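Q: pasted the sequence and its predicted model underneath.
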Amino acid sequence: MKRHQNLILLIAVVLLAIFPLWLIQKPAPDAQGHQAAIFTGADDQARALVGKIAPDYKPWFKPLLEPASSEIASLLFALQAALGAGFIGYYLGVAVTREKMRKKEKEEKQKSAANRDSDPC
Amino acid sequence: MEGFLPVRHAASWALASAPFVAYGLYSVKKRIREFPEQRMLLGVAAAFTFVLSALKLPSVTGSCSHPTGTGLGAILFGPSAMAPIGLVVLLFQALLLAHGGLTTLGANTFSMAIVGPFAAAGLYRLARRLKLSFATSIFIAASVADLATYVTTSMQLAWAFPDPQSGFVGSFIKFAGIFALTQIPLAISEGLLTVVIFNALKRFNPKELQDMNVDRHAEVPA
């Protein structure tokens, strides 16, 4: 169990992400044939709620730069994730190699120590 | 949510976050001067929040949100270290992605980079004192920190926009229905992912974890 713990945990994360996709069914289009959107951002829903609670409130600032389209936005999000994941991967790779070298060095030391012991002089 | 907090609220949250960020910067600098070998690990903590806050995941509520990834760094480096790191991540998303926002930066820093990390570090300590296992303690700390972030966001919005009939509480319940409820499965995912990375660190970097007082019982190879 201990050995496979990480694998099991990663599978659990994937299942947790898939489960909602399977659970939530797309509602039927309304009379005008408009499809209701699902899996929109929680931010958008909160924005709509602000509009409901305080209909007179006007946002007083606009984002300086907006991604030109949702495609560009997903590019930037992917870039953000890739940069982070790349760095973590690099660090873990270094750590694994260092551990291997340490082990090898220890073995060689033991071997040479054993040779010296068996040497008659 | 750019521009969605009234000016006075936005300014107050920025003011409230500033001392944490300043102290966090000071403590991170001091630590790197003392232990330069921990610089890479600090990078890993930052990279982890970078990855996790880019992952917009679907939730059982039928909407999407993203985890925060602040638990790892808070447990490794202490909660205050995450304030400047979280700020950098939030700034990246506000400037380039129109996600979050410059006017809401103070409020977002407070919820994600201050409340979350403090919850994570406190819960981790408590869980270890209660003799819970390493993995369980990490899981509880990271997932509750994630949830605490979004509960705080809901409170901030409820405070700025109290319901005309039911006031702060009514408004909080509505915002929490959007943010906190959506976040529950994501918080579980974040908890699990944080355990995954800690398992790897424990296996390959036991000495660092012991030096940082994260895992006193790790076996350190001589």
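A: Cool, the structure landed.

Q: which residues of chain B fall in strands?
A: All strands of chain B, identified by DSSP state E, fall at B:57-58, B:63-65.

Q: any part of the first one near chain A?
A: Yes - using Cβ under 8 Å from any Cβ of the partner chain, strand B:57-58 reaches chain A at B:57-58. Yep, even glycine has a C-beta here, placed from its N, CA and C like the rest.

Q: before we move on, what about the longest one?
A: Yes - Strand B:63-65 comes into contact with chain A when judged by Cβ under 8 Å from any Cβ, the residues involved being B:63-65.

Q: select the helix or strand of chain A having the lowest average pLDDT value.
A: In chain A, no helix or strand scores lower on mean pLDDT, DSSP states H and E than strand A:40-41, which sits at a mean of 87.

Q: what about that one, near chain B?
A: Yes - under the criterion of Cβ under 8 Å from any Cβ, chain B is reached by strand A:40-41 at A:40-41.

Q: helices along chain B, start to end?
A: B:7-34, B:39-54, B:71-77, B:82-96, B:105-108, B:116-129, B:134-160, B:167-204, B:206-211 (DSSP state H).

Q: can you list the ones you listed in CSV and add mean pLDDT and mean neighbour count?
A: Shown next, in CSV, are the helices of chain B (pLDDT from 0 to 100; neighbours: other Cβ atoms under 10 Å in any protein chain shown):
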stretch, mean pLDDT, mean neighbour count
helix B:7-34, 95, 16
helix B:39-54, 94, 22
helix B:71-77, 95, 28
helix B:82-96, 93, 23
helix B:105-108, 94, 25
helix B:116-129, 96, 21
helix B:134-160, 96, 24
helix B:167-204, 94, 21
helix B:206-211, 84, 17
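
Q: out of these, nearest to A:Phe77?
A: The minimum distance between A:Phe77 and these falls on helix B:39-54, with 4.8 Å, by Cβ to Cβ.

Q: which residues are in contact with that closest one?
A: A:77-78, A:80-81, A:83-88, A:91, A:94, B:28, B:31-32, B:66-70, B:72-73, B:76-77, B:81-82, B:85-86, B:88-89, B:92-93, B:112, B:190, B:193-194, B:197, B:205, B:208 (Cβ atoms under 8 Å, 6 or more residues apart in numbering or on different chains).

Q: same check, this time on stretch A:88-106
A: B:40-41, B:43-44, B:47-48, B:51, B:197, B:200-201, B:203-205, B:221.

Q: what are the buried residues along that stretch?
A: A:88, A:91-92, A:95 (16 or more other Cβ atoms under 10 Å in any protein chain shown).

Q: domains of chain A?
A: A:1-26+A:37-58, A:70-116 (automatic domain parsing).

Q: nearest to B:Leu132 among those would be which one?
A: Closest among these, using Cβ to Cβ: domain A:1-26+A:37-58, at 15.8 Å.

Q: shouldn't B:His99 be in contact with B:Gln93?
A: Yes - in terms of Cβ atoms under 8 Å, B:His99 counts as a neighbour of B:Gln93; the distance is 4.3 Å.

Q: just put the buried residues of stretch A:88-106 in JSON lines and tack on secondary structure.
A: Compiled in JSON lines, the buried residues of stretch A:88-106 are given as follows (DSSP: H, G, I helix; E, B strand; the rest coil):
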{"residue": "A:Ile88", "secondary structure": "helix"}
{"residue": "A:Tyr91", "secondary structure": "helix"}
{"residue": "A:Leu92", "secondary structure": "helix"}
{"residue": "A:Ala95", "secondary structure": "helix"}
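
Q: pLDDT wise, what is the closest residue to A:Tyr57 other than its chain neighbours at?
A: Excluding the flanking residues, the one nearest A:Tyr57 by Cβ to Cβ, 6 or more residues apart in numbering or on different chains is A:Val50, at 6.2 Å. If you check A:Val50, the pLDDT there is 91.

Q: next, count neighbours for A:Val50.
A: For A:Val50, the neighbour count with other Cβ atoms under 10 Å in any protein chain shown is 20.

Q: for it, helix, strand, or coil?
A: Per three-state DSSP, A:Val50 ends up helix.

Q: give the contact list for it.
A: With Cβ under 8 Å, 6+ apart, A:Val50 has these contacts: A:57, B:4, B:157, B:161.

Q: backbone dihedrals for the second one, please?
A: B:Phe4 has phi and psi values of phi -90, psi 10 when expressed as degrees, to the nearest 10.

Q: mind checking how far B:Ile75 is from chain A?
A: 16 Å (Cβ to the nearest Cβ, to the nearest Å).

Q: what does B:Phe92 give?
A: 7 Å.

Q: so what's that residue closest to, chain neighbours aside?
A: Closest residue in space to B:Phe92, ignoring its immediate chain neighbours: A:Gln80 at 6.8 Å, by Cβ to Cβ, 6+ apart.

Q: for the residue nearest the centre of chain A, which non-adjacent residue is closest in space?
A: Central residue of chain A (Cα atoms, centre = their mean): A:Ala81, 6.7 Å from the mean position. Closest residue to A:Ala81 apart from its sequence neighbours, by Cβ to Cβ, 6+ apart: B:Ala54 at 4.0 Å.

Q: in chain A, what residue spans correspond to helices?
A: A:5-23, A:42-53, A:70-118.
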